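Novice: The following comprises the amino acid sequence and a computationally predicted model.
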Amino acid sequence: MKILLFGKGGQVGWELQRSLAPLGELVALDHDSSEHCGDFSNLPGLVDTVRNVKPDVIVNAAAHTAVDKAESEVELVRTLNALAPGVLAQEAARTGAWLVHYSTDYVFDGSGTRPWTEADTPAPLNVYGQSKLEGEQLIQAACGQHLILRTSWVYAARGGNFAKTMLRLAQERERLTVIDDQFGAPTGAELLADVSAHAIRQVLRRPDDAGLYHLVAGGETSWHGYASYVLAQAKLVRPDMKLAATQVSPVASSAFQTAALRPLNSRLDTRKLQATFGLSLPHWQHGVARMLAETL
C-alpha cells in the first residue's frame, strides 16, 4: 500500500509520519517539498502530485490554522482549507484512493452545553470555520471513500502549544488570566495519528465505515481548567521549576478582543467513532501529562 501524506511538518503531520509508516510505503510532503508539489495554493500541482505518486490512501494534515489572520485572508484560506481538499477528493475518486481529512469543532456555533454530534447542523462563526466546513462538503460530494475526522484543541510535544505558553507566562508573571467560558477537550496529535492509522486499516477492510467522525480525547475542561492543570502537573514533574504565578484567574472570552469569534461550546461527542472502530479514548489529562513529562 502507498500512502501520500500532506502537511508532514505540522503537529499532526509529524505524528502521522510515525503512525502511518508501518502501514506501507509513505510519501510525506510539506508546502515546500521539492520532489512533488505539496503547496495547497497550487491546485494544478496537487493534481500532478496525486497522479504521479498514485497513492492508495491520501492523508491531508495540511491547513491554514491561523484563526484570527484568516479573517483578513479569506480567499487564501478558502483555497487552502476548502478548494485544495476538494481537488484531492476529486483525484481520490478518479483513482479509487481513500482520502483522510481533518476538520474542526469550529464548524459549529458553540451554542448550548451538549457535546456536538456528527448529525448536528454546522453554523461556523468565523472564516476559518467556514472554510473547513466547505472543505468537508467538497470532499463528501466528490469522494465516497473518505474519512473526515473533526477534532479540537490540538497540541503536541513538538512545536508550540497552549501548555508551553502557560508555563512560559507563569515564569514571567505573578498572575495569569485565562478564559473560563470556552469548553472542549485538549487532544494530542499523537492520539489523532494513532487513531487515524487504526481507522485506515479498518476502512480498507470495511469500506462501509467511511464517513464523518468526531475524534477528541475523553472528558472536558475550560482553558482556565487546562492552564490550572498544566501548572499543577508541571510542579509534580519538575519540583525545581520556579513559577512566579501563584494565581490563575478566570475571565470571560469578552475580556480578550480577537478578530475571529470563538465557539464557547467545543465539546464533541465521540460515541460514533468509538463504536465503529472499537476504541476507548483516554481522558485529556493523560495525554497532557505525558506531553509535559516529555518536554519538561
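Specialist: Noted; the coordinates are in hand. What you see is a predicted model; the values in this text were computed from it and never measured. Numbers count the residues shown, from 1 in each chain.

Novice: so which helix or strand takes in residue 49?
Specialist: For residue 49, the host element (DSSP states H and E) is helix 43-53.

Novice: can you give me the helices in the protein?
Specialist: Per DSSP state H, the chain has helices spanning 11-20, 43-53, 67-70, 74-78, 84-95, 127-142, 162-172, 189-205, 223-237, 271-277, 284-295. These are given in chain order.

Novice: With mean neighbour count and distance to residue 155 added, can I get these in JSON lines?
Specialist: The C-beta positions use only the backbone N, C-alpha and C, and glycine is treated the same way. Output for the helices of the chain, formatted as JSON lines (neighbours: other CB atoms under 10 Å; distance: least, CB to CB, whole Å):
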{"stretch": "helix 11-20", "mean neighbour count": "22", "distance to residue 155": "7"}
{"stretch": "helix 43-53", "mean neighbour count": "17", "distance to residue 155": "28"}
{"stretch": "helix 67-70", "mean neighbour count": "18", "distance to residue 155": "15"}
{"stretch": "helix 74-78", "mean neighbour count": "16", "distance to residue 155": "22"}
{"stretch": "helix 84-95", "mean neighbour count": "22", "distance to residue 155": "23"}
{"stretch": "helix 127-142", "mean neighbour count": "22", "distance to residue 155": "18"}
{"stretch": "helix 162-172", "mean neighbour count": "17", "distance to residue 155": "6"}
{"stretch": "helix 189-205", "mean neighbour count": "19", "distance to residue 155": "7"}
{"stretch": "helix 223-237", "mean neighbour count": "18", "distance to residue 155": "9"}
{"stretch": "helix 271-277", "mean neighbour count": "16", "distance to residue 155": "19"}
{"stretch": "helix 284-295", "mean neighbour count": "18", "distance to residue 155": "7"}
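
Novice: so which of the ones you listed gets nearest residue 119?
Specialist: With CB to CB as the criterion, residue 119 lies closest to helix 271-277 of the helices of the chain, at 8.9 Å.
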